[in-house]
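>>> got a sequence here, can you model it:
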Amino acid sequence: MPPILNAQSVSKRYGARVLFQNVSLVVSDGERLGLVGPNGAGKSTLLNILAGREDADTGEVAVRKRARVGVIHQISEFPAGMTVRGVLERALVDGNVPENEHEQRLRELMGRTGFPDENAEARSLSGGWRKRLAICEGVIVEPDVLLLDEPTNHLDLGGIEWLEELLNYIPSACVIISHDRYFLEAVSNETAELNRVYPDGIFRVHGAYSKFLEERELYLAAQAKQTESLRNQVKTEIEWLRRGPKARTTKSKARIDKAHEMIGELADRNARAQKASANIDFVATDRQTKRLIEAENVSLEFDGKTVVRDLNYVMTARARVGLVGPNGSGKTTILRLLTGELEPTSGTIKRANQLRVVYFSQAREIDTSLTLRQALSPEGDSVVHNGRQVHVASWAARFLFTGEQLNQPVERLSGGERARVLIARLMLQPADLLLLDEPTNDLDIPTLEILEESLLEYPGALVLVTHDRYMLNRVATTVLGLDGKGNTEQFADFAQWEDWMNEKPVAAPPIVEVAKPVEVVEPAAAKKKLSFNEQREWSSLEERIATAESRVTAAELALASPAIAVDAAALQDALLEQTNAQGELAELYARWEVLAERAM
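As a prediction, this is how the structure comes out:
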């Protein structure tokens, strides 16, 4: 079979800025390609070119005949008034899926995903459930290749694990842009980095993310040796050229041409090897207080729902707390309680005198009408960091912004660039306690690694909410876990919280009712009595209905089992058994109505 997607020598630029040049990428059946690279490398643009939603400046993309290409974008949007079920039904119709397959696919996917209410309006769902719905919308048509752009954004840790299981279950090939290193390790069997440091603009390895890191290290080491060897050769040739050789002979001309060729190659290598990295450095105060915040029997209710119940916790100096829990469990609410923005319904929160708290909000509040210069330095042309005055241009350069971008409005910045602006602003505020609500969204892997190192070196206390399990395990020394029902518990690490959650009873997935088939009965001219065989059937019908009802109940109990949620084959068998059992019961009821009318 030919590859599903075959991009050859594609290039893209915006104005004078070159995103990538002469990049080739092939996607074949069974491949799960993790696509990584620094912010601004053009990963999302390349994905749109592969999907046929954007044109390349040069090169071409070939799609296998009759191949289906599914796309899941970073932002999940749905029409007003459309329900969860409506979104999926529309996808089936748009994907030209045979109508007789619709109900089975809807049952299987919704059973696997566990939507709380299939008739809920899609736009009213939380960010995590909207993301799940967008993923299901792309998966339900069973595309040959599925293109996913940051699919883990807005998913909680449980949602990410659900997505890992789903991608490992479906047969579609995938191209996945993600900065979640554990997620890439779990789902990818191919890894590629889009980066101008490589001669071809992209470096690809057969294997998961850890294998890619090993191969990239070896490749870059070999490249460094070649560059050093070339640099020595160029040095020798430059010394020869300085002696003023006369290009009268063919041999001399060839050597001069070769020398200029090597000089050009070295310049190209040096240009590609230049890597910029953000300079992140949070500042703590000199406070010596041991206890920063004490929560005693703290409870909070919203609209009759208990978000936090009887929370007791002491935040000490230098504590590094990872706050974890399902979407909607109250993680952001707890952060707002710590800042004092919210007051508890009951219980008390004691804060140290003149406690300085810096809060990185998940909402990323920033005036997008400001220029980058105003956003980074609202008071003038300089900022004060660690007691030193720094010009705004130098401050911007620490976060990988160029001088030309200073007068650019914030609304034109990417999500990762806006995150860097907010981090730059936070770094100007010395803090006793640092509260970070999903700071990793939209950040590339190099910036994530720098942020991790900065948090590890930060001498103050911090509370970290993140779906990046790698960062959580590196930074947090203790985990405060929530279960989504108001309960909290303290753990040594993320794995202990997972075990705690798995021990809790799991609600059964929603059961989709099956309409009973209606049997059309021709009106009889005169009422007929039951025949001998019909009388025998009638006498046994109640027992058969009771047996069928027991079968339906058993099927529903099987679907409610926590073990079946992680067994793809068993789940599919159980869904099929439920459908067959409900169908048989509906037929028996229909037959009972026909015979009952004639028996009376």
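
>>> return the residues in contact with residue 397.
Residue 397 sits next to residue 403 when contact means C-beta atoms under 8 Å, 6 or more residues apart in numbering. No exception for glycine: its C-beta is placed from N, CA and C like everyone else's.

>>> next, it: secondary structure please.
Using DSSP: H, G, I helix; E, B strand; the rest coil, the structure places residue 397 in helix.

>>> quick one: residue 176 and residue 31 touch, right?
No - contact status for residue 176 versus residue 31: not in contact, 10.6 Å apart, counting by C-beta atoms under 8 Å.

>>> the more surrounded of these two?
residue 176 (27 against 18; other C-beta atoms under 10 Å).

>>> quick one: mean pLDDT for the strand or helix carrying that one?
For residue 176, the host element (DSSP states H and E) is strand 173-177. When pLDDT is averaged along strand 173-177, the result is 96.

>>> do you know how far residue 547 is from residue 183?
Distance from residue 547 to residue 183, counting by C-beta to C-beta, to the nearest Å: 46 Å.

>>> so the two - more neighbours on which side?
residue 183 (25 against 12).

>>> hang on, isn't residue 415 packed against residue 440?
No - taking contact to mean C-beta under 8 Å, the distance of 11.4 Å between residue 415 and residue 440 leaves them out of contact.

>>> between the two, which is the more surrounded one?
Each of residue 415 and residue 440 has its neighbours counted (other C-beta under 10 Å); residue 440 has more, 23 against 16.

>>> let me see the backbone angles for the more buried one.
The phi and psi values for residue 440, taken as degrees, to the nearest 10, are phi -90, psi -10.

>>> phi, psi for the closest residue to it other than its chain neighbours please.
Nearest non-adjacent residue to residue 440, counting by C-beta to C-beta, 6 or more residues apart in numbering: residue 468, 4.5 Å away. For residue 468, the backbone dihedrals (degrees, to the nearest 10) come out as phi -80, psi 100.

>>> how about residue 5?
According to degrees, to the nearest 10, residue 5 has phi -130, psi 140.

>>> the nearest residue to residue 574 once chain neighbours are set aside in helix, strand or coil?
Nearest residue to residue 574, sequence neighbours excluded (C-beta to C-beta, 6+ apart): residue 558, at 4.7 Å. Assigned with three-state DSSP, residue 558 falls in the helix class.

>>> separation between residue 558 and residue 118?
For residue 558, the distance to residue 118 - C-beta to C-beta - is 20 Å.

>>> what's the helix or strand for the residue nearest the centre of the chain?
With distances taken as C-alpha atoms, centre = their mean, the residue of the chain nearest its centroid is residue 152 (1.2 Å). In the assignment (DSSP H and E), residue 152 maps to no helix and no strand.

>>> surely it and residue 163 touch.
Yes - if you go by C-beta under 8 Å, residue 152 and residue 163 touch, sitting 6.8 Å apart.

>>> what do these two both touch?
With C-beta under 8 Å, 6+ apart as the test, residue 152 and residue 163 both reach residue 183.

>>> picking that back up, surely the residue nearest to residue 574 touches residue 552?
No - contact status for residue 558 versus residue 552: not in contact, 10.8 Å apart, counting by C-beta under 8 Å.

>>> quick one: common contacting residues for those two?
The contact sets of residue 558 and residue 552 overlap at residue 578 (C-beta under 8 Å, 6+ apart).

>>> ok, the residue nearest to residue 574 to residue 116 distance?
Counting by C-beta to C-beta - residue 558 and residue 116 are separated by 21 Å.

>>> between those two, who's got more neighbours?
residue 558 (18 against 10).

>>> quickly note the distance from that one to residue 135.
25 Å.

>>> so who does residue 162 touch?
Contacts of residue 162 were listed using C-beta under 8 Å, 6+ apart, and they are 113, 132, 155.

>>> go again using 10 Å as the cut-off
112, 113, 114, 132, 135, 155, 156, 565 (C-beta atoms under 10 Å, 6 or more residues apart in numbering).

>>> would you say it is within a helix?
Yes - membership of residue 162 in a helix is supported by three-state DSSP.

>>> related to what we said a few turns ago, residue 179 is in contact with the residue nearest to the centre of the chain, correct?
Yes - counting by C-beta atoms under 10 Å, residue 152 does reach residue 179; the two are 8.5 Å apart.

>>> for stretch 346-357, which positions count as buried?
Judged by neighbour count using 16 or more other C-beta atoms under 10 Å, the buried positions of stretch 346-357 are 347, 349, 351, 352, 355, 356, 357.

>>> what's the answer for stretch 324-341, then?
Buried residues in stretch 324-341, counted by 16+ other C-beta under 10 Å: 324-339.

>>> now do stretch 33-44
Buried-residue list, stretch 33-44, by 16+ other C-beta under 10 Å: 33, 34, 35, 36, 37, 38, 39, 41, 42, 43, 44.

>>> adding distance to residue 501, pLDDT and secondary structure, write the residues you listed out as a markdown table.
Compiled in a markdown table, the buried residues of stretch 33-44 are given as follows (distance: C-beta to C-beta, whole Å; pLDDT from 0 to 100; DSSP: H, G, I helix; E, B strand; the rest coil):
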| residue | distance to residue 501 | pLDDT | secondary structure |
| --- | --- | --- | --- |
| 33 | 31 | 97 | strand |
| 34 | 27 | 96 | strand |
| 35 | 31 | 96 | strand |
| 36 | 29 | 93 | strand |
| 37 | 34 | 89 | coil |
| 38 | 35 | 84 | coil |
| 39 | 33 | 79 | coil |
| 41 | 36 | 84 | coil |
| 42 | 38 | 88 | coil |
| 43 | 33 | 91 | helix |
| 44 | 33 | 90 | helix |
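
>>> tell me which of the residues you listed is nearest to residue 87?
Checking the buried residues of stretch 33-44 against residue 87 with C-beta to C-beta, the nearest one is residue 44 at 22.7 Å.

>>> do I have it right that residue 290 meets residue 316?
Yes - taking C-beta under 10 Å as the definition, residue 290 is a contact partner of residue 316 at 5.9 Å.

>>> which of these two has more neighbours?
residue 316 (13 against 10).

>>> okay, that one and residue 473: tell me how far apart.
Residue 316 is 21 Å from residue 473, by C-beta to C-beta.

>>> next one: residue 407
41 Å.
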